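Asks: with the input below, show me the fold.
(one chain, ligands or ions: 1)
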Amino acid sequence: MNHDPHPADRPVRREDSAVYETDEPVLYEVRAGIATLTMNRPAFNNAQNSQMTYALDAGFRRAVDDDAVRVIVLRGAGRHFSAGHDIGTPGRDVNKSFERTQLWWDHSDKPGAEFHYAREQEVYLGMCRRWHDAPKPTIAMVQGACVAGGLMLAWVCDLIIASDDAFFQDPVLRMGIPGVEYFAHAHELNPRVAKEFLFLGERMDAARAHQMGMVNRVVARDRLEEETYAIADRIARQPRLGLALTKQVINRVLDLQGLRTTMDLAYGYHHLAHAHGQLVGEGHLGGHDARSMAAANKGVAS
Ligand code: ZN
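Replies: Now for the predicted structure:
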């Protein structure tokens, strides 16, 4: 019997040339019942490589396992919360194999569209859904840029506290892609506003995000930390199970409103778009890279 792989399943060799600038892409600290996960690639505006997403996943796991932790704060070191997924730093590690957290197989040697599909199931959609359902309350503390992949990390949190200089933006339509992998846009925003947000790819400032109910509070930059931890402290005084049950119910309400189905649909289209970019010879990012996206984003800073 022939056990050669099906022609569609033939493995592909890819070189991993990632050079990490740090061994600690996420800092972890617990103080007074509050665990803080700090994205720690400030030189790259906390661009998320897999090294970081796996470290975040480990941080959420550690915080959930520790009975001393009652609330989790997610923040970014430096000027910005997160500029999104890493599409161009020396630490970009898309070809690297990691010990996975879910049941999707390793992406790194997979052919065709399977490469990105399997990878993003694990490191974006799968992880974000796990974090969203973490049984402890989570707060995103957002300053500066919260762009594309940065939105995913803010959106998975239960509360978002933003400084008045924070801005939110999903410009990936310019790559031909209908929004970032964790597609919550039309649930986080009024659908008509979500269309504007995606069609134009412009920055939404913190005041507008607050007006839309996407952000819980907007505070002055120099008060952001104090206000965030004051709120975390008040939540930390509530009983653990009561918080977990409340969160579960509201997360299931989001699913009943269609969040999970929206995301599954959008994820398929997202990968049609990645594959389309490759079919027309522009690559899975539609001919863009970190430099061209950064330049174009400046042009649409509304
Ligand atoms: Zn993608």
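
Asks: hmm, Phe168 is touching Arg203, no?
Replies: Yes - at 7.1 Å, Phe168 counts as touching Arg203 under the criterion of C-beta atoms under 8 Å. For the C-beta atoms, the positions are set from N, CA and C on the backbone; glycine is no exception.

Asks: okay, the two: which has more neighbours?
Replies: Phe168 (29 against 19; other C-beta atoms under 10 Å).

Asks: for the one helix or strand Ala294 maps to, which outside residues touch it?
Replies: Here Ala294, judged by DSSP states H and E, is contained in helix 290-299. Contact with helix 290-299 is made by Ala47, Ile87, Gly88, Thr89, Val147, Gln169, Pro171, Arg174, Met175, Gly201, His288, as judged by C-beta atoms under 8 Å, 6 or more residues apart in numbering.

Asks: from Val73, how far off is the first one?
Replies: In this structure, Ala47 lies at 20 Å from Val73, with C-beta to C-beta, to the nearest Å as the measure.

Asks: one more: Ala134?
Replies: 12 Å.

Asks: who has more neighbours, those two?
Replies: Between Ala134 and Val73, Val73 has the larger neighbour count (other C-beta under 10 Å), namely 25 against 19.

Asks: wait, the more buried one touches Thr228, no?
Replies: Yes - in this structure, Val73 is within contact of Thr228 by C-beta under 8 Å, at 6.2 Å.

Asks: who touches both of these two?
Replies: Common neighbours of Val73 and Thr228, counting by C-beta under 8 Å, 6+ apart, are Ile139, Met141.

Asks: next up, the contacts around Asp9.
Replies: Per C-beta under 8 Å, 6+ apart, neighbours of Asp9: Pro111.

Asks: state the distance from it to Asn2.
Replies: 13 Å.

Asks: before we move on, what about Arg291?
Replies: The spacing between Arg291 and Asn2, counted by C-beta to C-beta, is 47 Å.

Asks: which one of these two has more residues nearby?
Replies: Shown here are Arg291 and Asn2; by other C-beta under 10 Å, Arg291 has more neighbours (10 against 4).

Asks: chain center to the lengthiest helix in the chain: distance?
Replies: Using DSSP state H, we find that the single longest helix of the chain is helix 259-279. Relative to its parent chain, helix 259-279 has a centroid offset of 16 Å by C-alpha atoms, centre = their mean, to the nearest Å.

Asks: contacts for that helix?
Replies: By C-beta under 8 Å, 6+ apart, the residues outside helix 259-279 that reach it are 112-113, 116-117, 120-121, 125, 175-179, 181-184, 186-187, 254, 283-287.

Asks: list the buried residues of that helix.
Replies: 259, 262-263, 266-267, 270-271, 273-278 (16 or more other C-beta atoms under 10 Å).

Asks: closest one of those to Arg129?
Replies: Closest approach between these and Arg129, by C-beta to C-beta: Met263, at 8.0 Å.

Asks: from Gln121, how far off is the closest one?
Replies: Plainly put, Met263 is 11 Å away from Gln121 if you go by C-beta to C-beta.

Asks: what of Cys146?
Replies: Applying C-beta to C-beta to Cys146 and Gln121 gives a distance of 23 Å.

Asks: the two - which one has more neighbours?
Replies: Applying other C-beta under 10 Å to Cys146 and Gln121 shows that Cys146 carries more neighbours, namely 33 against 20.

Asks: so where do the helices sit in the chain?
Replies: Going by DSSP H, the chain shows helices at 50-65, 114-120, 127-132, 149-155, 185-188, 191-200, 206-211, 224-236, 240-256, 259-279, 290-299.

Asks: worst mean pLDDT among these?
Replies: Per-segment mean pLDDT for the helices of the chain reaches its minimum on helix 290-299, at a mean of 85.
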